[in-house]
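Novice: sequence below, structure please.
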Amino acid sequence: MFELTSFSGSLSGHGHSHPIDFTAEVDDEGVLSVQLARLPFSDTAYGLYHTPEPTELLDRIVLEGIAENGTTFRSDSFSILYFSHGSIEGQELGFQGQCAVADITRTMAGPHKQASKLWLFRKFGTIHRISRETPLGKVWAGGMDESADSQKASGFLHLFDPSDTADDAWLEESERFFIHVLRVMSFASSSYLMPVVERVFSGTTERMRVVRRGRAVRPGLAPFPPIHLEPIFAVACDTFSTRAETVAKLDAAIRWFVMPAPTFESQLVNAMTSIENILEGELAAASRQFETSSAFKKRVSPLRKLLTESDAPSGMIDKLPELNRRAFREQIEALVAEWGIVTDDLPDGWLPALIKVRNHIVHTGVIPANVDTESGIPGHVIWAREIATRLILHMLGFVGGYQSWLHRDKTLHFPTCRPVG
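Specialist: Purely as a prediction, here's the structure:
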(Lines give C-alpha, C1' and ligand atoms only; values in the text may rest on other atoms or scores of the structure.)
Protein backbone atom coordinates (compact mmCIF):
# COMPACT_ATOMS: atom_id res chain seq x y z
CA MET A 1 0.00 0.00 0.00
CA PHE A 2 2.93 2.29 0.85
CA GLU A 3 6.34 0.81 0.21
CA LEU A 4 9.23 1.07 2.68
CA THR A 5 10.55 4.64 2.41
CA SER A 6 13.40 6.45 4.16
CA PHE A 7 12.80 9.90 5.63
CA SER A 8 14.97 12.59 7.22
CA GLY A 9 13.25 14.92 9.63
CA SER A 10 12.74 15.62 13.30
CA LEU A 11 11.19 14.30 16.48
CA SER A 12 9.66 17.08 18.60
CA GLY A 13 7.92 17.33 21.95
CA HIS A 14 8.10 18.67 25.49
CA GLY A 15 9.92 21.77 24.31
CA HIS A 16 12.62 19.77 22.53
CA SER A 17 13.29 18.93 18.86
CA HIS A 18 15.98 16.64 17.46
CA PRO A 19 16.94 15.67 13.89
CA ILE A 20 16.20 12.03 13.12
CA ASP A 21 16.19 9.54 10.25
CA PHE A 22 13.45 6.95 10.04
CA THR A 23 11.64 4.56 7.71
CA ALA A 24 7.90 4.06 7.24
CA GLU A 25 5.71 1.58 5.38
CA VAL A 26 2.03 0.59 5.31
CA ASP A 27 1.10 -3.06 4.72
CA ASP A 28 -2.07 -4.49 3.14
CA GLU A 29 -3.78 -4.60 6.56
CA GLY A 30 -3.44 -0.84 6.77
CA VAL A 31 -0.86 -1.05 9.55
CA LEU A 32 1.83 1.63 9.61
CA SER A 33 5.29 0.54 10.76
CA VAL A 34 7.90 3.13 11.68
CA GLN A 35 11.55 2.46 12.54
CA LEU A 36 13.65 5.25 14.06
CA ALA A 37 17.44 5.51 13.74
CA ARG A 38 19.40 5.66 17.01
CA LEU A 39 20.34 9.06 18.38
CA PRO A 40 23.44 10.45 20.14
CA PHE A 41 22.88 11.14 23.80
CA SER A 42 21.99 14.73 24.63
CA ASP A 43 19.64 16.57 26.97
CA THR A 44 17.51 17.48 23.95
CA ALA A 45 17.19 13.89 22.76
CA TYR A 46 16.62 12.49 26.24
CA GLY A 47 14.04 15.20 26.91
CA LEU A 48 11.80 13.76 24.19
CA TYR A 49 11.06 10.68 26.29
CA HIS A 50 8.34 10.91 28.92
CA THR A 51 7.24 7.89 30.91
CA PRO A 52 3.49 8.11 31.53
CA GLU A 53 1.99 7.17 34.86
CA PRO A 54 -0.18 4.02 34.87
CA THR A 55 -3.39 6.07 34.70
CA GLU A 56 -2.14 8.50 32.03
CA LEU A 57 -2.79 8.32 28.30
CA LEU A 58 0.13 7.51 26.01
CA ASP A 59 2.47 10.43 25.59
CA ARG A 60 2.27 11.86 22.05
CA ILE A 61 4.92 13.89 20.23
CA VAL A 62 5.52 15.00 16.63
CA LEU A 63 7.41 12.92 14.04
CA GLU A 64 7.90 14.43 10.61
CA GLY A 65 10.23 14.09 7.67
CA ILE A 66 10.77 14.24 3.93
CA ALA A 67 12.09 11.57 1.56
CA GLU A 68 14.55 12.09 -1.31
CA ASN A 69 11.71 11.89 -3.82
CA GLY A 70 9.76 14.67 -2.05
CA THR A 71 7.29 12.43 -0.20
CA THR A 72 6.39 13.95 3.18
CA PHE A 73 5.43 12.27 6.44
CA ARG A 74 3.90 13.84 9.53
CA SER A 75 2.31 12.52 12.69
CA ASP A 76 1.23 14.60 15.68
CA SER A 77 0.55 11.42 17.65
CA PHE A 78 3.81 9.45 17.76
CA SER A 79 4.19 7.58 21.07
CA ILE A 80 7.56 6.24 22.25
CA LEU A 81 6.84 2.71 23.47
CA TYR A 82 10.40 1.42 23.71
CA PHE A 83 13.56 3.06 25.03
CA SER A 84 17.07 1.67 25.11
CA HIS A 85 20.49 3.04 26.04
CA GLY A 86 23.70 1.74 24.43
CA SER A 87 27.41 2.46 24.58
CA ILE A 88 28.21 2.99 20.89
CA GLU A 89 29.29 6.60 20.50
CA GLY A 90 26.74 8.68 18.61
CA GLN A 91 24.11 5.94 18.92
CA GLU A 92 23.50 5.89 22.64
CA LEU A 93 19.71 6.37 22.58
CA GLY A 94 17.15 4.15 20.89
CA PHE A 95 13.49 5.14 20.60
CA GLN A 96 10.80 3.06 18.91
CA GLY A 97 7.06 3.48 18.91
CA GLN A 98 3.90 3.93 16.86
CA CYS A 99 1.66 6.61 15.39
CA ALA A 100 -2.03 6.87 16.22
CA VAL A 101 -2.56 8.88 13.02
CA ALA A 102 -0.09 9.74 10.27
CA ASP A 103 -0.33 11.75 7.05
CA ILE A 104 1.74 10.94 3.97
CA THR A 105 1.76 13.05 0.81
CA ARG A 106 3.47 11.91 -2.37
CA THR A 107 3.66 12.81 -6.05
CA MET A 108 2.67 10.17 -8.57
CA ALA A 109 4.23 9.59 -11.99
CA GLY A 110 1.15 10.84 -13.81
CA PRO A 111 -2.21 12.49 -13.07
CA HIS A 112 -5.14 10.45 -11.86
CA LYS A 113 -8.09 10.07 -14.21
CA GLN A 114 -10.42 11.84 -11.76
CA ALA A 115 -10.11 13.37 -8.31
CA SER A 116 -11.45 10.95 -5.72
CA LYS A 117 -11.50 9.88 -2.10
CA LEU A 118 -11.00 6.29 -0.94
CA TRP A 119 -11.59 4.73 2.47
CA LEU A 120 -10.23 1.27 3.26
CA PHE A 121 -11.55 -0.84 6.14
CA ARG A 122 -11.67 -4.43 7.37
CA LYS A 123 -14.27 -7.18 7.60
CA PHE A 124 -16.52 -6.10 4.78
CA GLY A 125 -17.35 -8.35 1.87
CA THR A 126 -19.46 -8.11 -1.27
CA ILE A 127 -19.98 -10.62 -4.07
CA HIS A 128 -19.26 -7.90 -6.61
CA ARG A 129 -18.61 -4.17 -6.57
CA ILE A 130 -21.71 -2.05 -6.02
CA SER A 131 -22.21 1.60 -6.90
CA ARG A 132 -24.60 4.53 -6.60
CA GLU A 133 -24.85 7.95 -8.17
CA THR A 134 -24.99 10.71 -5.55
CA PRO A 135 -24.93 14.53 -5.59
CA LEU A 136 -21.28 14.28 -4.52
CA GLY A 137 -20.40 11.97 -7.40
CA LYS A 138 -20.46 8.27 -8.12
CA VAL A 139 -19.52 6.07 -5.18
CA TRP A 140 -18.31 2.48 -5.33
CA ALA A 141 -18.17 -0.07 -2.53
CA GLY A 142 -16.85 -3.58 -2.26
CA GLY A 143 -14.51 -5.90 -0.46
CA MET A 144 -13.45 -9.47 0.12
CA ASP A 145 -13.41 -10.90 3.63
CA GLU A 146 -10.87 -13.61 2.88
CA SER A 147 -10.90 -15.63 6.12
CA ALA A 148 -11.89 -15.51 9.76
CA ASP A 149 -8.39 -14.42 10.80
CA SER A 150 -7.74 -11.98 7.96
CA GLN A 151 -7.22 -8.34 8.88
CA LYS A 152 -6.64 -7.22 5.31
CA ALA A 153 -8.12 -3.79 4.61
CA SER A 154 -9.97 -4.98 1.50
CA GLY A 155 -13.29 -3.24 2.18
CA PHE A 156 -13.59 0.09 0.44
CA LEU A 157 -15.71 3.15 -0.31
CA HIS A 158 -14.49 5.14 -3.32
CA LEU A 159 -16.13 8.45 -4.25
CA PHE A 160 -15.27 10.30 -7.47
CA ASP A 161 -15.55 14.10 -7.59
CA PRO A 162 -17.37 15.17 -10.79
CA SER A 163 -15.65 18.58 -10.63
CA ASP A 164 -12.25 16.81 -10.57
CA THR A 165 -10.94 19.21 -7.91
CA ALA A 166 -11.36 17.49 -4.53
CA ASP A 167 -11.48 20.94 -2.94
CA ASP A 168 -11.94 21.52 0.79
CA ALA A 169 -15.72 21.90 0.59
CA TRP A 170 -16.10 18.60 -1.31
CA LEU A 171 -13.72 16.82 1.06
CA GLU A 172 -15.62 18.01 4.14
CA GLU A 173 -18.98 16.96 2.73
CA SER A 174 -17.58 13.62 1.52
CA GLU A 175 -16.30 12.98 5.06
CA ARG A 176 -19.82 13.36 6.45
CA PHE A 177 -21.19 11.23 3.62
CA PHE A 178 -18.71 8.40 4.25
CA ILE A 179 -19.43 8.38 7.99
CA HIS A 180 -23.17 8.20 7.26
CA VAL A 181 -22.81 5.37 4.75
CA LEU A 182 -20.48 3.35 6.99
CA ARG A 183 -22.93 3.59 9.90
CA VAL A 184 -25.70 2.10 7.78
CA MET A 185 -23.44 -0.56 6.27
CA SER A 186 -22.13 -1.44 9.75
CA PHE A 187 -25.68 -2.31 10.74
CA ALA A 188 -26.23 -4.17 7.47
CA SER A 189 -23.10 -6.31 7.79
CA SER A 190 -23.19 -6.60 11.61
CA SER A 191 -19.65 -5.30 11.98
CA TYR A 192 -18.75 -1.73 12.95
CA LEU A 193 -16.75 -0.49 9.98
CA MET A 194 -13.99 2.02 10.65
CA PRO A 195 -11.47 3.28 8.10
CA VAL A 196 -7.83 2.37 8.65
CA VAL A 197 -6.58 4.21 5.55
CA GLU A 198 -7.85 7.25 3.67
CA ARG A 199 -6.44 8.10 0.24
CA VAL A 200 -7.25 11.32 -1.63
CA PHE A 201 -6.20 11.55 -5.28
CA SER A 202 -6.03 14.89 -7.06
CA GLY A 203 -3.94 15.63 -10.13
CA THR A 204 -0.52 14.06 -9.57
CA THR A 205 -0.81 14.17 -5.77
CA GLU A 206 -1.91 11.45 -3.36
CA ARG A 207 -2.60 12.24 0.28
CA MET A 208 -2.77 9.23 2.57
CA ARG A 209 -3.95 9.18 6.17
CA VAL A 210 -3.30 6.04 8.22
CA VAL A 211 -5.14 5.39 11.50
CA ARG A 212 -4.13 2.71 13.98
CA ARG A 213 -7.08 0.46 14.89
CA GLY A 214 -7.54 -2.68 16.94
CA ARG A 215 -8.34 -6.00 15.31
CA ALA A 216 -11.69 -6.24 13.55
CA VAL A 217 -13.93 -9.17 14.48
CA ARG A 218 -15.70 -11.42 12.00
CA PRO A 219 -19.39 -10.41 11.64
CA GLY A 220 -22.26 -12.63 12.78
CA LEU A 221 -26.03 -12.75 12.23
CA ALA A 222 -25.94 -9.94 9.69
CA PRO A 223 -29.33 -8.62 8.46
CA PHE A 224 -27.89 -8.43 4.93
CA PRO A 225 -25.59 -11.07 3.41
CA PRO A 226 -22.78 -10.02 1.01
CA ILE A 227 -24.86 -11.01 -2.02
CA HIS A 228 -27.80 -8.75 -1.02
CA LEU A 229 -26.07 -5.55 0.09
CA GLU A 230 -27.01 -3.43 -2.92
CA PRO A 231 -30.53 -2.38 -1.70
CA ILE A 232 -29.33 -1.26 1.73
CA PHE A 233 -26.31 0.45 0.14
CA ALA A 234 -28.70 2.43 -2.06
CA VAL A 235 -30.63 3.49 1.05
CA ALA A 236 -27.38 4.42 2.81
CA CYS A 237 -26.43 6.72 -0.08
CA ASP A 238 -29.88 8.17 -0.73
CA THR A 239 -30.67 8.99 2.91
CA PHE A 240 -27.60 11.19 3.42
CA SER A 241 -29.58 14.25 2.37
CA THR A 242 -32.75 13.30 4.27
CA ARG A 243 -31.87 11.15 7.29
CA ALA A 244 -28.29 12.00 8.24
CA GLU A 245 -29.38 13.30 11.65
CA THR A 246 -31.53 10.21 12.26
CA VAL A 247 -28.66 7.87 11.41
CA ALA A 248 -26.29 9.88 13.62
CA LYS A 249 -28.73 9.40 16.52
CA LEU A 250 -28.77 5.68 15.70
CA ASP A 251 -25.00 5.35 16.06
CA ALA A 252 -25.04 4.12 19.67
CA ALA A 253 -27.82 1.62 18.92
CA ILE A 254 -25.88 0.32 15.91
CA ARG A 255 -22.69 -0.01 17.96
CA TRP A 256 -24.50 -2.09 20.58
CA PHE A 257 -26.24 -4.15 17.88
CA VAL A 258 -22.98 -5.13 16.14
CA MET A 259 -20.72 -5.28 19.20
CA PRO A 260 -18.73 -8.54 19.37
CA ALA A 261 -20.11 -10.71 22.16
CA PRO A 262 -18.47 -13.97 23.27
CA THR A 263 -21.43 -15.27 25.31
CA PHE A 264 -25.18 -15.65 24.84
CA GLU A 265 -25.67 -13.40 27.87
CA SER A 266 -23.74 -10.52 26.33
CA GLN A 267 -25.39 -11.06 22.93
CA LEU A 268 -28.83 -10.65 24.46
CA VAL A 269 -27.89 -7.69 26.66
CA ASN A 270 -26.25 -5.93 23.70
CA ALA A 271 -29.36 -6.35 21.54
CA MET A 272 -31.65 -5.18 24.34
CA THR A 273 -29.41 -2.16 25.01
CA SER A 274 -29.70 -1.30 21.33
CA ILE A 275 -33.50 -1.36 21.68
CA GLU A 276 -33.34 0.74 24.86
CA ASN A 277 -31.21 3.33 23.08
CA ILE A 278 -33.80 3.61 20.30
CA LEU A 279 -36.63 3.89 22.84
CA GLU A 280 -34.85 6.68 24.68
CA GLY A 281 -34.34 8.68 21.53
CA GLU A 282 -37.58 8.01 19.67
CA LEU A 283 -40.39 7.24 22.11
CA ALA A 284 -42.33 10.34 23.11
CA ALA A 285 -42.16 11.31 26.79
CA ALA A 286 -45.91 10.77 27.06
CA SER A 287 -45.39 7.11 26.14
CA ARG A 288 -42.50 6.66 28.58
CA GLN A 289 -44.46 8.07 31.53
CA PHE A 290 -47.92 7.45 32.95
CA GLU A 291 -48.63 11.17 33.24
CA THR A 292 -46.90 14.51 32.82
CA SER A 293 -44.16 15.43 35.25
CA SER A 294 -46.21 18.24 36.75
CA ALA A 295 -49.27 16.04 37.22
CA PHE A 296 -47.19 13.27 38.79
CA LYS A 297 -45.45 15.73 41.09
CA LYS A 298 -48.82 16.89 42.37
CA ARG A 299 -50.05 13.31 42.78
CA VAL A 300 -46.99 12.08 44.65
CA SER A 301 -46.56 15.13 46.88
CA PRO A 302 -48.71 13.75 49.76
CA LEU A 303 -46.82 10.45 49.64
CA ARG A 304 -43.47 12.23 49.68
CA LYS A 305 -44.63 14.28 52.70
CA LEU A 306 -45.84 11.13 54.48
CA LEU A 307 -42.56 9.30 53.91
CA THR A 308 -40.53 12.30 55.01
CA GLU A 309 -42.53 12.78 58.21
CA SER A 310 -42.24 9.08 59.06
CA ASP A 311 -38.44 9.20 58.71
CA ALA A 312 -38.44 6.83 55.73
CA PRO A 313 -34.95 6.08 54.33
CA SER A 314 -33.81 8.73 51.86
CA GLY A 315 -33.20 6.01 49.26
CA MET A 316 -36.89 5.09 49.35
CA ILE A 317 -37.90 8.70 48.78
CA ASP A 318 -35.41 9.03 45.94
CA LYS A 319 -37.18 6.18 44.13
CA LEU A 320 -40.52 7.98 43.94
CA PRO A 321 -39.90 9.46 40.44
CA GLU A 322 -39.53 5.91 39.09
CA LEU A 323 -43.22 5.29 39.82
CA ASN A 324 -44.10 7.48 36.86
CA ARG A 325 -41.94 5.56 34.42
CA ARG A 326 -43.68 2.91 32.34
CA ALA A 327 -42.20 -0.56 32.40
CA PHE A 328 -39.66 -1.48 29.73
CA ARG A 329 -42.18 -3.90 28.21
CA GLU A 330 -44.84 -1.20 27.92
CA GLN A 331 -42.37 1.15 26.23
CA ILE A 332 -41.44 -1.47 23.63
CA GLU A 333 -45.12 -2.23 23.01
CA ALA A 334 -45.85 1.49 22.61
CA LEU A 335 -43.10 2.11 20.05
CA VAL A 336 -43.84 -1.09 18.11
CA ALA A 337 -47.51 -0.09 17.91
CA GLU A 338 -46.73 3.53 16.99
CA TRP A 339 -44.44 2.49 14.13
CA GLY A 340 -46.53 -0.47 13.00
CA ILE A 341 -43.72 -2.97 13.47
CA VAL A 342 -44.88 -6.51 12.67
CA THR A 343 -44.48 -8.92 15.60
CA ASP A 344 -47.15 -11.55 14.93
CA ASP A 345 -44.51 -13.96 13.57
CA LEU A 346 -42.77 -14.09 16.96
CA PRO A 347 -43.80 -16.75 19.52
CA ASP A 348 -46.69 -16.09 21.89
CA GLY A 349 -45.48 -14.37 25.05
CA TRP A 350 -42.11 -13.52 23.49
CA LEU A 351 -41.80 -10.06 25.05
CA PRO A 352 -42.46 -10.92 28.73
CA ALA A 353 -40.20 -13.97 28.37
CA LEU A 354 -37.46 -11.88 26.74
CA ILE A 355 -37.53 -9.21 29.45
CA LYS A 356 -37.58 -11.82 32.20
CA VAL A 357 -34.42 -13.44 30.82
CA ARG A 358 -32.78 -10.06 30.27
CA ASN A 359 -33.49 -9.02 33.87
CA HIS A 360 -32.14 -12.32 35.16
CA ILE A 361 -28.89 -11.80 33.25
CA VAL A 362 -28.54 -8.18 34.43
CA HIS A 363 -28.95 -9.20 38.09
CA THR A 364 -27.07 -12.52 38.09
CA GLY A 365 -24.72 -12.37 35.10
CA VAL A 366 -25.90 -15.72 33.72
CA ILE A 367 -28.70 -16.92 31.49
CA PRO A 368 -31.48 -18.83 33.36
CA ALA A 369 -30.99 -22.57 33.59
CA ASN A 370 -34.33 -23.28 31.88
CA VAL A 371 -33.22 -21.54 28.66
CA ASP A 372 -31.91 -24.00 26.07
CA THR A 373 -28.31 -23.14 25.15
CA GLU A 374 -27.32 -26.58 23.84
CA SER A 375 -29.16 -26.39 20.50
CA GLY A 376 -27.52 -23.15 19.33
CA ILE A 377 -28.23 -19.49 19.88
CA PRO A 378 -31.18 -19.14 22.30
CA GLY A 379 -34.41 -17.87 20.82
CA HIS A 380 -34.38 -14.92 23.21
CA VAL A 381 -31.22 -13.57 21.53
CA ILE A 382 -32.81 -13.97 18.10
CA TRP A 383 -36.03 -12.25 19.20
CA ALA A 384 -34.14 -9.25 20.59
CA ARG A 385 -32.00 -8.90 17.47
CA GLU A 386 -35.03 -9.25 15.21
CA ILE A 387 -36.91 -6.44 16.95
CA ALA A 388 -33.80 -4.23 16.94
CA THR A 389 -33.37 -4.96 13.23
CA ARG A 390 -36.96 -4.01 12.39
CA LEU A 391 -36.81 -0.81 14.45
CA ILE A 392 -33.60 0.28 12.71
CA LEU A 393 -34.96 -0.59 9.26
CA HIS A 394 -38.00 1.57 10.02
CA MET A 395 -35.78 4.50 11.03
CA LEU A 396 -33.81 4.12 7.81
CA GLY A 397 -37.00 4.14 5.74
CA PHE A 398 -35.94 0.83 4.17
CA VAL A 399 -38.36 -1.09 1.98
CA GLY A 400 -37.26 -4.43 0.58
CA GLY A 401 -35.76 -7.79 1.49
CA TYR A 402 -33.58 -8.47 4.53
CA GLN A 403 -32.22 -11.62 6.13
CA SER A 404 -34.33 -12.71 9.10
CA TRP A 405 -32.58 -15.02 11.56
CA LEU A 406 -35.92 -15.46 13.31
CA HIS A 407 -36.87 -17.56 10.28
CA ARG A 408 -33.52 -19.34 9.98
CA ASP A 409 -31.93 -16.79 7.63
CA LYS A 410 -34.89 -16.58 5.24
CA THR A 411 -35.41 -13.36 3.32
CA LEU A 412 -38.37 -11.29 4.53
CA HIS A 413 -39.83 -8.18 2.96
CA PHE A 414 -39.80 -5.12 5.18
CA PRO A 415 -42.08 -3.66 6.47
CA THR A 416 -44.58 -6.50 5.84
CA CYS A 417 -42.16 -9.10 7.23
CA ARG A 418 -43.54 -11.70 4.84
CA PRO A 419 -41.29 -14.23 3.06
CA VAL A 420 -39.88 -13.11 -0.27
CA GLY A 421 -40.35 -15.49 -3.22
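Novice: just give the number of residues close to the closest residue to Gly13 other than its chain neighbours.
Specialist: Nearest residue to Gly13 in three dimensions, chain neighbours excluded: Ile61, at 2.8 Å (CB to CB, 6 or more residues apart in numbering). In short, each C-beta sits where N, CA and C put it, glycine included. By other CB atoms under 10 Å, 21 other residues sit near Ile61.
Novice: roughly how far does Ile61 sit from Glu53?
Specialist: From Ile61 over to Glu53 the distance is 17 Å, taken as CB to CB, to the nearest Å.
Novice: also Val235?
Specialist: 47 Å.
Novice: now do Pro231
Specialist: Distance of Pro231 to Glu53, given as CB to CB: 51 Å.
Novice: ditto for Asp344
Specialist: 58 Å.
Novice: same question, Cys237
Specialist: Applying CB to CB, the value for Cys237 to Glu53 is 46 Å.
Novice: make sure Asp125 is actually in contact with Phe224.
Specialist: Small correction: residue 125 is Gly, not Asp. No. Gly125 is beyond contact range of Phe224, at 11.2 Å (criterion: CB atoms under 8 Å).
Novice: hey, what's in contact with both of these two?
Specialist: Common neighbours of Gly125 and Phe224 (criterion: CB atoms under 8 Å, 6 or more residues apart in numbering): Ser189.
Novice: more neighbours, these two?
Specialist: Taking other CB under 10 Å, Gly125 and Phe224 do not tie; Phe224 has more neighbours (23 against 18).
Novice: now the more buried one: closest residue in space, sequence neighbours ignored.
Specialist: Counting by CB to CB, 6+ apart, the residue nearest Phe224 is Ala188, at 4.2 Å.
Novice: which residues touch the residue most central in space within the chain?
Specialist: Closest to where the C-alpha atoms of the chain average out (CA atoms, centre = their mean) is Tyr192, at 4.2 Å. Counting by CB under 8 Å, 6+ apart, Tyr192 touches 186, 254-255, 258-259.
Novice: what about the residue nearest to Phe224, distance to Glu29?
Specialist: Relative to Glu29, and taking CB to CB, Ala188 is found at 23 Å.
Novice: lowest-confidence helix or strand of this structure?
Specialist: For the chain, counting by mean pLDDT, DSSP states H and E, helix 285-288 ranks last in confidence among helices and strands (a mean of 77).
Novice: looks to me like Phe201 is in a strand.
Specialist: Yes. According to DSSP: H, G, I helix; E, B strand; the rest coil, Phe201 belongs to a strand.
Novice: leaving out sequence neighbours, find the closest residue to it.
Specialist: Phe201 sits nearest to His112 (CB to CB, 6+ apart), 4.3 Å away.
Novice: now do the SS call for the one you found.
Specialist: Put simply, His112 is coil when judged by three-state DSSP.
Novice: all helices for the stretch 301-421 of the chain, in order.
Specialist: Assigned by DSSP state H, counting those that start in this stretch, the stretch 301-421 of the chain shows helices spanning 314-318, 328-339, 350-364, 379-396.
Novice: can I get the ones you listed in JSON lines with mean pLDDT?
Specialist: As requested, the helices of the stretch 301-421 of the chain are exported to JSON lines (pLDDT from 0 to 100):
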{"stretch": "helix 314-318", "mean pLDDT": "90"}
{"stretch": "helix 328-339", "mean pLDDT": "94"}
{"stretch": "helix 350-364", "mean pLDDT": "96"}
{"stretch": "helix 379-396", "mean pLDDT": "97"}
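Novice: most tightly packed of these?
Specialist: Comparing those by mean neighbour count (mean count of other CB atoms under 10 Å), helix 379-396 comes out on top with a mean of 23.
Novice: show me the contact partners of stretch 158-175.
Specialist: The contact list for stretch 158-175, computed with CB under 8 Å, 6+ apart, reads 114-119, 134, 136-141, 177-178, 200-202.
Novice: tell me which of those fall in strands.
Specialist: If you go by DSSP state E, the contacts of stretch 158-175 have 116-119, 134, 137-141, 200-202 in strands.
Novice: now those residues: which count as buried?
Specialist: Buried members of these, counted by 16 or more other CB atoms under 10 Å: 116-119, 134, 137, 139, 141, 200-202.
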